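Participant: Dropping the sequence and predicted coords here.
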Amino acid sequence: MEMRMFGRTGIRLSVLGFGCGAVGGLMVRGDPPDQERTIARAIDAGVNYFDTAVQYGNGESEKNLGRILQILKPANAVVGTKVRLPSASFGRIADAVAKWLDQSLTRLRRDRVDIFHLHNAITQAGGGEALSVQQVLVEVAPAFERLRQQGKIRFLGLTAVGETKALHQVIDAGAFDSAQVVYNMLNPSAASELPPNYPAQDYGRLFDHTKKAGVGVIGIRVLAGGALSGSTERHAIASPPPEPIGSAMNYEADVERARRLMPLVKEEFAASLTEAATRFAISHAAIGTILVGIATPQQFDEALAAVQKGPLPAAALELHAKLVQNFSGESR
């Protein structure tokens, strides 16, 4: 397993992380023996980053991950979880953050979590369930820092969703060590400039900002919630098609565009769209680790096999760039 330095943290993460989310569903709705067998397989393969959140199954993912890691006791597991503050708590952010973390630690059966990510969207002015740049930097970051001083977290993180300018400002401030960034074959704008009138959110070369600030990057939505399989079929324990993040406004449009990337398979750069998408995500040097949603042990093995083939070759990346040019001008 390739290991990559994670920003300025000094830790090295496996390029393939273990996503415990609700989209794939294994760690929320899967059979306990399958959950334990798959995590054991991941550890044996060299995976050392495990990512969860209280929102995944209303705490079930955290409970299941905590149970299994207590059984297996891997020596070097790096565990990340998240807090999504409800707007009703915005008047007492520090207290709410501390409360949510303590509950997560209980479910995870741990005294400390390695990376604690803010899970709210971030916008310039805030509003609704989104937090403003000022709230994040003046209230959330100091609250996280106090928890670090208490020994309850090692590194401060955020999920980079919301308004692009706001995300740039927060990352540029240098208060956070980790950012979960949307990066996939349908929306590569965290790495490169989009073609004109491209039907996706433009993240404005966000990787330039994470690199300058020394922020480690966790690649999320690398399969666009499953759309980059090119199929609308979903496993029985997977979530319904998720709302797209950063790409089309509906899942069906993402699937349709994904199918238009099939020349990558026909030209034998990859055996499947899923493999191509997985290898595309690890092709950029800014990526520390990626998360792939899984429903079954077999899906983990497929993700592992893809990563073991390494990044896509330059010719494949050039073909991808040409293919996505054709999306310009289409409605999002």
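Facilitator: On my side now, so go ahead. Numbering: from 1, shown residues only.
Participant: Now do the lengthiest helix in the chain: everything it contacts.
Facilitator: With secondary structure taken from DSSP state H, the chain has its longest helix at helix 93-108. With contact meaning Cβ atoms under 8 Å, 6 or more residues apart in numbering, helix 93-108 is reached by 52, 54, 59, 62-63, 65-66, 69, 79, 81, 83, 85-86, 89, 111-113, 116, 135, 139-140, 142-144, 146-147, 152-153. (Glycine included, C-beta is placed from N, CA and C.)
Participant: Quick check: what element follows that helix along the chain?
Facilitator: Note on helix 93-108: by DSSP states H and E, the next helix or strand toward the C-terminus is strand 113-118.
Participant: Hey, what's the angle from that following strand to helix 93-108? Just curious.
Facilitator: If you take axes from the mean of the first three to the mean of the last three Cα atoms, to 10 degrees, strand 113-118 sits at 130 degrees to helix 93-108.
Participant: what's the following helix or strand after strand 113-118?
Facilitator: Remark: after strand 113-118, the chain's next helix or strand is strand 122-123, criterion DSSP H and E.
Participant: I'd like to know which elements that following strand is packed against.
Facilitator: If you count contacts as 3 or more Cβ pairs under 8 Å, 6 or more residues apart in numbering; DSSP states H and E, strand 122-123 packs onto strand 131-132, helix 164-172.
Participant: highest average neighbour count across those?
Facilitator: Each of the helices and strands packed on strand 122-123 was scored by mean neighbour count; the highest is strand 131-132, a mean of 23, by mean count of other Cβ atoms under 10 Å.
Participant: Quick check: mean pLDDT of that one?
Facilitator: Strand 131-132 shows a mean pLDDT of 97.
Participant: List the strands paired with it, with their directions.
Facilitator: Strand pairing for strand 131-132, using DSSP bridges, gives strand 122-123 (parallel).
Participant: buried stuff in the helix or strand hosting residue 257?
Facilitator: Element membership for residue 257, per DSSP H and E: helix 251-259. Within helix 251-259, the residues that count as buried by 16 or more other Cβ atoms under 10 Å are 251, 253-255, 257-258.
Participant: Ok, stretch 315-328 next?
Facilitator: 316-317, 319-320, 323-324, 327.
Participant: Which of those fall within helices?
Facilitator: Among these, the members found in helices (DSSP H) are 316-317, 319-320, 323-324.
Participant: is it true that residue 115 touches residue 176?
Facilitator: No: between residue 115 and residue 176 there is no contact under Cβ atoms under 8 Å: 9.8 Å.
Participant: Now list whatever residues contact both of these two.
Facilitator: Common neighbours of residue 115 and residue 176 (Cβ under 8 Å, 6+ apart) are 156-157.
Participant: what would the helices and strands packed on strand 122-123 look like in a markdown table with distance to residue 216?
Facilitator: Below are those laid out as a markdown table (distance: least, Cβ to Cβ, whole Å):
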| stretch | distance to residue 216 |
| --- | --- |
| strand 131-132 | 21 |
| helix 164-172 | 11 |
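Participant: out of the ones you listed, which comes closest to residue 16?
Facilitator: Shortest distance between residue 16 and the helices and strands packed on strand 122-123, using Cβ to Cβ, is found for helix 164-172: 23.8 Å.
Participant: Need the contact partners of the helix or strand just after that closest one.
Facilitator: Once helix 164-172 ends, the next helix or strand along the chain (criterion: DSSP H and E) is strand 178-182. Here strand 178-182 makes contact (Cβ under 8 Å, 6+ apart) with 6-7, 9, 80, 115, 117, 155-161, 171, 190, 201, 203, 206-207, 210, 215-221, 245-246, 291.
Participant: Centre of the chain to strand 178-182, how far?
Facilitator: Remark: strand 178-182 is offset 6 Å from the chain centroid, using Cα atoms, centre = their mean, to the nearest Å.
Participant: now stretch 120-132
Facilitator: 19 Å.
Participant: measure that stretch end to end?
Facilitator: Terminal residues of stretch 120-132 are spaced 10 Å apart (Cα to Cα, to the nearest Å).
Participant: Next: stretch 256-276.
Facilitator: Distance across stretch 256-276, first residue to last, is 16 Å (Cα to Cα).
Participant: Could you do stretch 221-237 as well?
Facilitator: End-to-end span of stretch 221-237 (Cα to Cα): 18 Å.
Participant: buried sites along that stretch?
Facilitator: Of the residues in stretch 221-237, those buried under the neighbour-count criterion (16+ other Cβ under 10 Å) are 221-230, 234-235, 237.
Participant: just to revisit the earlier point, ok, the ones in helices among the buried residues of stretch 315-328 vs residue 20, which is closest?
Facilitator: Closest approach between these and residue 20, by Cβ to Cβ: residue 320, at 28.8 Å.
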